[in-house]
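In: Here is my input, please return the structure:
(one chain, ligands or ions: 1)
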Amino acid sequence: MEHRTMRAAVIDGHGPADTLRVDRLPVPEPGPGEVLVRVGAAGINAIDWATRAGQGVGVPSFPAVLGWDIAGTVAAAGPGAGRFAVGDPVYGMPRFPALAGAYAEYAVAPEHELAPIPAGLEPVAAAALPMVVLTAWQTLFGIGGLSAGQRVLVPGAAGGVGHIVVQLAADAGAEVIGTASARNRDFVLSLGAKEVIAHDMVRDVKDVDLAVDPMGGAEFFRLLDVVRPGGIVVTLKGEGPDHRRVAEQHKARAGFTYVQPDAAVLERAAPLLASGRLRPAVERVFPLEEAAQAHALGEQGHVRGRLVLDLS
Ligand SMILES: NC(=O)c1ccc[n+]([C@@H]2O[C@H](COP(=O)([O-])OP(=O)(O)OC[C@H]3O[C@@H](n4cnc5c(N)ncnc54)[C@H](OP(=O)(O)O)[C@@H]3O)[C@@H](O)[C@H]2O)c1
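Out: Numbering: from 1, shown residues only. You can find the predicted model right below:
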C-alpha cells in the first residue's frame, strides 16, 4: 500500500481555477475508525472554489487536495473499522470543514461519516448529493423546523442546494416558491415548486414561513420582509451580528446552517432516493484532468444541480 500512488487534483496555493493541476500522490492509509475509499466520483460544491480562491475554509498546508463529496467503494479498513466490507458502495461528505481530499482516486474517511449508496444510484449521481442533501435537510428539518402546509421560499432553486431544498420541502408537504433564471423555470417546476419567479422578484413574495438565504449580505435582510410573523430566514452565508436583532424587529427569527457530516441523514434520505422522490441533477461530468474547467464553469454561478468529477 505505502508504495502505491494515485492521481489527484491539487493546488499549490490559493488562486484562480487554473491553479488546479493533476499530480501523483501517495495513496493515503486509513487510520483508526477510518476506511480507504476508491473514489468513483467527486461532487464539486461552491465551497470548493471558494476554498481554492482563499475565501472558503482554511487550508493548513500545500499541495492540498480539495473536495468533500465522495462516492465510491471501500478499498480497505483501518484499525477498529468494521462497519463496511471491502467493496461496499459508500458516499458522504467526510471531515467538513477540515479537508477531505475528494478530488483523488483514493480518500480516507471516518467510517461513521459515510453511508451506503442507495440501490440503483450510480457513483456520479451519488457524488452530487452529500453536501447539498445535508445542507438542505439541516436547514429545513433541523433549524427551520418545517412542517406540512408551510410556505417555503427558495432563492436559486435550480442550484446545487436549491434543487434539493425544493424537492425535500415539496415532498414534506410544503408549498414551495423558487427563484430561477428563465432557462430553469420548467426544471424548478418539475422538482415540485408551485411557483417560479425571477431572482429579483422576491420582494413581491409574502407570508413565507421559511426562507433560505444562499446569498448573504443585504439579501438576508430583504428576506425578512418576505416571512410572516414567527417565520424564519435561514442563511447559508454566516450569521451577521445584526441578524437576530433585526429579525426580532420584523417579528421573525434568524437561523444559520453550517453543514455538518451526518451519515444518519443520508440514511434517512435513502428511501426517497431509491423511490425517485429525490433526484440529483448533474449538469455536467468532467474527468479529473478538467477539474480547473469544472471550477471555472461552477463559479460563474449558473449551474443547474451539481458538477461532478468522474474518477472511475
Ligand atoms: N452554510 C453552509 O453550510 C452551506 C452549504 C452549502 C452551500 N452553501 C452556500 O450556499 C450557496 C449556494 O450553494 P449552491 O451549491 O447551491 O451554489 P450553486 O449551485 O453554485 O448555485 C448556482 C445557482 O445560483 C443561482 N443564482 C444565480 N444568481 C442568483 C441570484 N441573484 N439570486 C439567487 N440565486 C441565484 C443560479 O440560478 P440560475 O442559473 O437559475 O440563475 C444557480 O442555479 C453558496 O454560496 C454556498 O457556498 C453554504
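
In: wouldn't Ala128 be in contact with Asp69 here?
Out: Yes: if you go by C-beta atoms under 8 Å, Ala128 and Asp69 touch, sitting 7.2 Å apart. The way it works is simple: take the backbone N, C-alpha and C, and place the C-beta from them, glycine included.

In: any common contacting residues for these two?
Out: Gly43 (C-beta atoms under 8 Å, 6 or more residues apart in numbering).

In: got the residues of the stretch 151-300 of the chain near the ligand?
Out: 155-156, 158-162, 179-181, 184, 199, 214-215, 236-237, 257-259, 298 (C-beta under 6 Å from any ligand atom).

In: Which stretches in the protein count as helices?
Out: For the chain, applying DSSP state H gives helices covering 46-52, 123-127, 130-137, 160-171, 185-190, 218-224, 243-249, 263-275, 291-298.

In: Kindly reformat these as JSON lines containing mean neighbour count and distance to Val108.
Out: Listed next are the helices of the chain as JSON lines, based on neighbours: other C-beta atoms under 10 Å; distance: least, C-beta to C-beta, whole Å:
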{"stretch": "helix 46-52", "mean neighbour count": "21", "distance to Val108": "19"}
{"stretch": "helix 123-127", "mean neighbour count": "25", "distance to Val108": "17"}
{"stretch": "helix 130-137", "mean neighbour count": "27", "distance to Val108": "16"}
{"stretch": "helix 160-171", "mean neighbour count": "26", "distance to Val108": "25"}
{"stretch": "helix 185-190", "mean neighbour count": "17", "distance to Val108": "36"}
{"stretch": "helix 218-224", "mean neighbour count": "19", "distance to Val108": "37"}
{"stretch": "helix 243-249", "mean neighbour count": "15", "distance to Val108": "37"}
{"stretch": "helix 263-275", "mean neighbour count": "16", "distance to Val108": "16"}
{"stretch": "helix 291-298", "mean neighbour count": "21", "distance to Val108": "20"}
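
In: Which one, of the ones you listed, ends up nearest to Arg304?
Out: helix 185-190 (6.2 Å; C-beta to C-beta).

In: so how far is the closest one off the chain centroid?
Out: 20 Å (C-alpha atoms, centre = their mean, to the nearest Å).

In: which other helices and strands contact it?
Out: helix 160-171, strand 195-197 (3 or more C-beta pairs under 8 Å, 6 or more residues apart in numbering; DSSP states H and E).

In: No more questions from me, cheers.
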